[in-house]
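Asks: sequence first, then the predicted structure, then my questions.
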Amino acid sequence: MPLSVVSGSPPCRGAGAPSGRFDRHFRAAYLALALAACGGGVPGPVVPVGAVPATRAEAEAWVARTRAAEPVLIRFRWLFRDRDGSAGGRGSARITPGDSLRFDVVGPLGSGRGAAFVIGDSAAWAQPEEDISKLVPNYPLLWAMLGIARLPAGEGTVSRFQDARLSAFRFVHGTDTVEYAILTGSDRRLVADVRRADGRLGRVETVFGSDGVLKSSRLEVPGAPARLDITYGSTASSPPFPPDTWVPPEP
């Protein structure tokens, strides 16, 4: 971009534990979620002990329920922090049903622009590529920040966990593990976790309001370490986006 430095560090968001009694599996998953939200160390797996084998067809049906059914325009504020400081600004995401996403960010007073056109789990283009990858090191994590889970490519082992408050899937392919969980309550949450052979690449916690609309999201990248926080301003259905939406901006 380059990223524009801003001062201040927002306080940790409380996870807001749901009322009532819940079983030990949900308690363990909720504790991991709270640790991720508050930076209290690297949390454990998203899927609790007790997961059972599942099929890709079951996983595909589960993932499909998180997708947009029509074109959507999302506007947000963002704040990124790492060892070098912090940067923030505003941004937008344009999503079409299926697997196309245009992601734009800009810093204060129009500085530090960046954009990417994402198809599925990879970018058709990203400008500047280095800055976009610094913000979001993995595109499935970006989709999760926008409330959408993706079925990982390739064959592998699929398992699931389900109870009254938590629905979760784990995908293992070689040394890669991807986990998703949806926690219900006053604020529904989508949690995504991506791990490689050398450790966790990142974890996302996305919060929806009681109306089901995107409220906030946080990406933690422990290896950097880095954190990206997004606060959503509006999510609205849109007419089909014009073809030039998917064209890279002029340098």
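Replies: Yep, it's here. Numbering: from 1, shown residues only.

Asks: low-scoring pLDDT stretches of the chain, where are they?
Replies: 1-43, 109 (pLDDT under 70).

Asks: and the helices in it, which stretches?
Replies: Remark: helices assigned in the chain by DSSP state H are 24-38, 56-64, 129-135, 139-145.

Asks: mind listing what's buried in the last one?
Replies: Right, the one you point to is helix 139-145. 139-145 (16 or more other CB atoms under 10 Å). No exception for glycine: its C-beta is placed from N, CA and C like everyone else's.

Asks: between the residues you listed, which sits nearest S86?
Replies: Nearest to S86 among those: M145, at 17.7 Å, using CB to CB.

Asks: show me what contacts the residue nearest to that closest one when sequence neighbours are not counted?
Replies: Closest residue to M145 apart from its sequence neighbours, by CB to CB, 6 or more residues apart in numbering: S217 at 4.3 Å. Contact analysis of S217 by CB atoms under 8 Å, 6 or more residues apart in numbering lists 144-147, 204-207, 229-230, 232.

Asks: now do the contacts for V118.
Replies: 100-103, 124, 139, 142-143.

Asks: let's go with 10 Å and repeat that
Replies: 93, 95, 99-103, 124-126, 132, 136, 139-140, 142-143 (CB atoms under 10 Å, 6 or more residues apart in numbering).

Asks: same thing with Q162?
Replies: Taking CB under 10 Å, 6+ apart, we find Q162 in contact with 25, 50-52, 54, 62, 168-169.

Asks: any chance of these in JSON lines, plus neighbour count?
Replies: Formatted as JSON lines, the contacts of Q162 follow (neighbours: other CB atoms under 10 Å):
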{"residue": "H25", "neighbour count": "19"}
{"residue": "G50", "neighbour count": "13"}
{"residue": "A51", "neighbour count": "18"}
{"residue": "V52", "neighbour count": "8"}
{"residue": "A54", "neighbour count": "18"}
{"residue": "W62", "neighbour count": "19"}
{"residue": "A168", "neighbour count": "24"}
{"residue": "F169", "neighbour count": "25"}
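
Asks: how about those residues in CSV, adding distance to R77?
Replies: Shown next, in CSV, are those (distance: CB to CB, whole Å):
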residue, distance to R77
H25, 35
G50, 38
A51, 36
V52, 40
A54, 37
W62, 30
A168, 29
F169, 30
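
Asks: returning to that earlier point: ok, the contacts of S217 vs F80, which is closest?
Replies: For those, the closest approach to F80 (CB to CB) belongs to D229, at 7.8 Å.

Asks: for the closest residue to that closest one other than its chain neighbours, which residues make a bridge with it?
Replies: What sits nearest to D229 in space, not counting adjacent residues and going by CB to CB, 6+ apart, is L79, at 4.7 Å. L79 has these beta-bridge partners by DSSP bridges: G88, D229.

Asks: does L79 touch P108 like I think?
Replies: No - counting by CB atoms under 10 Å, L79 does not reach P108; the two are 11.5 Å apart.

Asks: compare those two (neighbour count), which wins?
Replies: Summary of the neighbour comparison: L79 and P108, criterion other CB atoms under 10 Å, with L79 having more neighbours (18 against 13).

Asks: distance check, the more buried one against G107.
Replies: Between L79 and G107 the distance is 11 Å, computed by CB to CB, to the nearest Å.

Asks: and D211, by the same measure?
Replies: To G107, D211 is 30 Å away according to CB to CB.

Asks: can you check L201 too?
Replies: Distance from L201 to G107, by CB to CB: 25 Å.

Asks: check R200 too.
Replies: From R200 to G107 the distance is 28 Å (CB to CB).

Asks: swap in R188?
Replies: Relative to G107, and taking CB to CB, R188 is found at 31 Å.
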